[in-house]
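Novice: fold the following, please.
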Amino acid sequence: MKTPTGHLIASTLLAALAGGASAAPVDFGGYFRSGAGSSSEGGKEACYRLPGSVLWFRLGNECDTYADLVFRSTLGQVDGTTFKSTFRFSYGTQGIANWEQTSPSWREVFVEAQDIGAAMAMPALKGASLWAGKRFYGNRDIHMLDYGFWEPNQGVGFGLENVDLGKAGKFSYALMRIGDFTGYGINPALGGFNPDLIGGGSRMVSVHDFRLEGIETNPGGKVSLGLDLSMADNRDGTSSYTVNETRTVYVDDDNDPTTPNVPITVLTPVTKTIDNGKGKNGLGLHVQHTQDDLFGLGGFNQVVFKYAKDAMTLRGWGIAGSTDKRNEYLLFDHWVIEPKGLPVTASMTAGMRKAKVTAEPNAAVPNPQAVNTTEYWIGARPQYHINNIWSLMAEGGYQQARADNDSLGWRKLAKLTLGTQFSMGRSIWSRPAIRFYTTYAKWNGAAAKAGSVACTGRDCNTPIDAFKDKRHGVSYGMQIEGWF
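Specialist: Sure, this is the predicted structure:
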């Protein structure tokens with residue numbers, strides 16, 4: 001029997017991995033989601049986003065296929081200090097065909113030395129880890145919103161993590177170098193892949209992330225404090241970059257002056273420059289209280305307050321080259337319940353965000369006006385577990401947002417998802433989960449006029465024109481989600 005070439009290659013790779021397994025076994029993990037469906041307007045399943053908001057209620061409201069593939073390996077141990085490596089690749093497609101090419105994102109490649117204090121005979125660093133490289137570091141999120149509220153992991157850096165200070169909690173420090181994508185050009189010939197460093201890496205910030213977590217304040221309650229500093233570090237002068245722009249040229253195809261020229265669309269390389277002005281520094285503050293088993297209902301409750309100034313964002317990463325004067329505030333509650341002995345689990349959240357941003361004066365706009373933006377949200381995802389794998393699920397969410405210079409008034413979006421799922425256990429976190437759902441969304445005229453509410457595709461980047469004159473929509477389908 002002949003062995004297909006693909007099988008031969010796969011067998012060779014597996015043999016190579018097996019050959020090195022005795023030295024450094026590889027642990028494979030990851031995250032994935034994928035789904036299919038349709039909408040009340042036909043076509044692919046639709047999702048719904050509120051223009052101007054930074055988040056969305058995600059159950060029955062994700063229209064892509066996405067996966068993280070993680071490879072971890074324990075490299076060895078020296079005098080009690082263990083060295084480990086991690087590689088993470090991320091992929092995303094629209095989910096419309098079997099063969100969909102994608103340019104993977106290399107999100108992690110780092111090494112950590114766990115319990116660095118052991119080999120160095122430094123008791124103060126017992127249990128602490130030293131790491132360096134590109135890391136998906138320090139992310140804290142509201143899972144039902146897919147919103148990372150503290151994630152400085154936008155670049156390459158290093159850090160010292162989990163230094164035990166006793167009752168004062170655990171201290172961590174990280175330095176991230178983050179660049180600017182101003183002028184980023186997609187190269188169609190490479191299918192959207194562009195490895196060139198924009199502006200030669202001229203616009204950068206250094207983000208210093210300080211954390212003191214796990215400070216015991218009350219029975220079952222702990223406080224986390226954070227400070228993020230964004231330090232501008234641009235090169236002087238200007239930098240150039242080249243992008244392909246679509247232009248129309250007119251060609252005379254018959255040399256007849258009485259006939260019109262023929263318009264032809266061409267891609268033309270255009271070289272541009274960007275100013276590497278110093279930009280602003282930034283400041284971020286984070287205060288969080290986490291209460292375990294609130295009211296005896298299991299799970300946890302988080303109350304979080306955040307503040308960001310100038311070139312710092314609420315999420316903890318700096319904006320390279322930013323000259324805006326910025327003040328942002330975020331306050332929210334995130335509650336997960338998993339009561340023992342009851343077939344009900346749920347996650348809930350409510351919060352608000354306020355931002356005041358004033359652009360840097362220039363010749364065109366010598367006196368720019370501040371833009372004030374406010375948004376609110378509230379929602380819940382309850383589940384009723386019929387048995388250990390089958391459950392009924394629902395998610396309801398309401399959002400509203402407004403900019404003070406917007407004459408349309410408050411933009412509003414309400415969304416309700418009903419369905420059933422089959423998951424590996426009774427927890428709110430049980431995965432994988434196979435879901436069947438119907439989602440109904442309703443929005444007002446201000447939301448519709450502010451931008452496309454209905455969207456689809458990878459990260460919902462494709463607006464659905466069929467909904468532009470609508471004020472409500474229905475989507476239905478199936479989705480799988482899992483991590484391991």
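Novice: pLDDT on stretch 413-428, on average?
Specialist: Stretch 413-428 carries an average pLDDT of 97.
Novice: gap between that stretch and the chain center?
Specialist: 21 Å (C-alpha atoms, centre = their mean, to the nearest Å).
Novice: please apply the same query to stretch 389-402.
Specialist: On the basis of C-alpha atoms, centre = their mean, stretch 389-402 sits 19 Å off its chain's mean C-alpha point.
Novice: any buried residues in that stretch, and which?
Specialist: Using 16 or more other C-beta atoms under 10 Å as the test for burial, stretch 389-402 gives 391, 393, 394, 395, 396, 397, 398, 399, 400, 401, 402. Placement of C-beta: from N, CA and C, glycine included.
Novice: using PDB, write out every CA atom in it.
Specialist: In PDB, the C-alpha atoms belonging to stretch 389-402 read as follows (Å, rounded to 0.1, in the frame of the first residue of the first chain):
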ATOM      1  CA  ILE A 389     -23.400  17.700  30.300                       C
ATOM      2  CA  TRP A 390     -26.700  19.200  29.200                       C
ATOM      3  CA  SER A 391     -27.800  22.700  30.200                       C
ATOM      4  CA  LEU A 392     -30.100  25.500  29.100                       C
ATOM      5  CA  MET A 393     -28.500  28.900  28.700                       C
ATOM      6  CA  ALA A 394     -29.400  32.500  28.200                       C
ATOM      7  CA  GLU A 395     -27.700  35.800  28.000                       C
ATOM      8  CA  GLY A 396     -29.200  39.200  28.200                       C
ATOM      9  CA  GLY A 397     -27.300  42.500  27.800                       C
ATOM     10  CA  TYR A 398     -28.100  46.200  27.500                       C
ATOM     11  CA  GLN A 399     -25.600  48.900  26.400                       C
ATOM     12  CA  GLN A 400     -25.800  52.600  25.800                       C
ATOM     13  CA  ALA A 401     -23.100  55.100  24.700                       C
ATOM     14  CA  ARG A 402     -22.900  58.800  23.800                       C
END
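Novice: pull the most distant pair out of the buried residues of stretch 389-402.
Specialist: 391 and 402 (36.7 Å; C-beta to C-beta).
Novice: show me the contacts for residue 482.
Specialist: The contact partners of residue 482, by C-beta atoms under 8 Å, 6 or more residues apart in numbering, come to 31, 32, 33, 431, 432, 433.
Novice: what about it, is that helix, strand or coil?
Specialist: Under the three-state scheme (DSSP: H, G, I helix; E, B strand; the rest coil), residue 482 adopts strand.
Novice: just the strands in the stretch 201-350 of the chain please.
Specialist: 204-218, 221-232, 238-251, 262-275, 282-292, 300-310, 325-337, 344-358 (DSSP state E, counting those that start in this stretch).
Novice: sorry, back to before: got CSV for the buried residues of stretch 389-402, with secondary structure, distance to residue 218 and pLDDT too?
Specialist: As requested, these are exported to CSV (DSSP: H, G, I helix; E, B strand; the rest coil; distance: C-beta to C-beta, whole Å; pLDDT from 0 to 100):
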residue, secondary structure, distance to residue 218, pLDDT
391, strand, 33, 98
393, strand, 33, 98
394, strand, 33, 98
395, strand, 31, 98
396, strand, 31, 98
397, strand, 31, 98
398, strand, 32, 98
399, strand, 32, 98
400, strand, 34, 97
401, strand, 35, 96
402, strand, 37, 94
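Novice: quick revisit: only whichever of the contacts of residue 482 are buried, select them in ChimeraX.
Specialist: Provided next is the ChimeraX selection string for whichever of the contacts of residue 482 are buried by 16+ other C-beta under 10 Å:
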select :31,32,33,431,433
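Novice: hmm, residue 208 is touching residue 177, no?
Specialist: No - applying C-beta atoms under 8 Å as the test, residue 208 and residue 177 come out as separate, 10.9 Å apart.
Novice: which neighbours do the two share?
Specialist: Contact criterion C-beta under 8 Å, 6+ apart; residues shared by residue 208 and residue 177: none found.
Novice: which is the succeeding secondary structure element to the helix or strand where residue 35 lies?
Specialist: Using DSSP states H and E, residue 35 sits within strand 26-39. Per DSSP H and E, the first helix or strand lying C-terminal to strand 26-39 is strand 47-48.
Novice: and that following strand, what other elements does it pack with?
Specialist: Using 3 or more C-beta pairs under 8 Å, 6 or more residues apart in numbering; DSSP states H and E, the elements in contact with strand 47-48 are strand 433-443, strand 454-456, strand 472-483.
Novice: partners of the shortest one in the sheet?
Specialist: The strands beside strand 454-456 in its sheet (DSSP bridges) come out as strand 47-48 (antiparallel), strand 462-463 (antiparallel).
Novice: contacting residues around stretch 292-309?
Specialist: 149-150, 220-221, 282-291, 314, 326-340, 345, 428.
Novice: could I get the buried residue list for that stretch?
Specialist: Those would be 293-294, 297-304, 306-309, for stretch 292-309 by 16+ other C-beta under 10 Å.
Novice: pLDDT wise, what is the nearest residue to residue 351 once chain neighbours are set aside at?
Specialist: In space, and not counting its chain neighbours, residue 351 is closest to residue 332: 2.6 Å by C-beta to C-beta, 6 or more residues apart in numbering. What the model reports for residue 332 is a pLDDT of 98.
Novice: let me see the contact set for residue 332.
Specialist: Counting by C-beta under 8 Å, 6+ apart, residue 332 has contacts 142, 149, 303, 304, 349, 350, 351, 352.
Novice: contact partners for the second one?
Specialist: By C-beta under 8 Å, 6+ apart, the residues touching residue 149 are 140, 141, 142, 304, 306, 314, 315, 330, 332.
Novice: which of the contacts of stretch 292-309 are buried?
Specialist: Looks like the contacts of stretch 292-309 have 149-150, 282, 284, 286, 288-291, 314, 326, 328-330, 332, 334-338, 345, 428 buried, using 16+ other C-beta under 10 Å.
Novice: thinking again about what came up before, just tell me which of the strands of the stretch 201-350 of the chain ends up closest to residue 49.
Specialist: strand 344-358 (15.3 Å).
Novice: contacts for stretch 414-422?
Specialist: With C-beta under 8 Å, 6+ apart, stretch 414-422 has contacts from 48, 57, 59-61, 383, 389-399, 433-443.
Novice: buried ones in the helix or strand harbouring residue 172?
Specialist: Per DSSP H and E, residue 172 falls inside strand 170-179. By neighbour count with 16+ other C-beta under 10 Å, strand 170-179 contains the buried residues 170, 171, 172, 174, 175, 176, 177, 178, 179.
Novice: who does that strand pair with, and is each partner parallel or antiparallel?
Specialist: Strand 170-179 has these strand partners (DSSP bridges): strand 156-164 (antiparallel), strand 204-218 (antiparallel).
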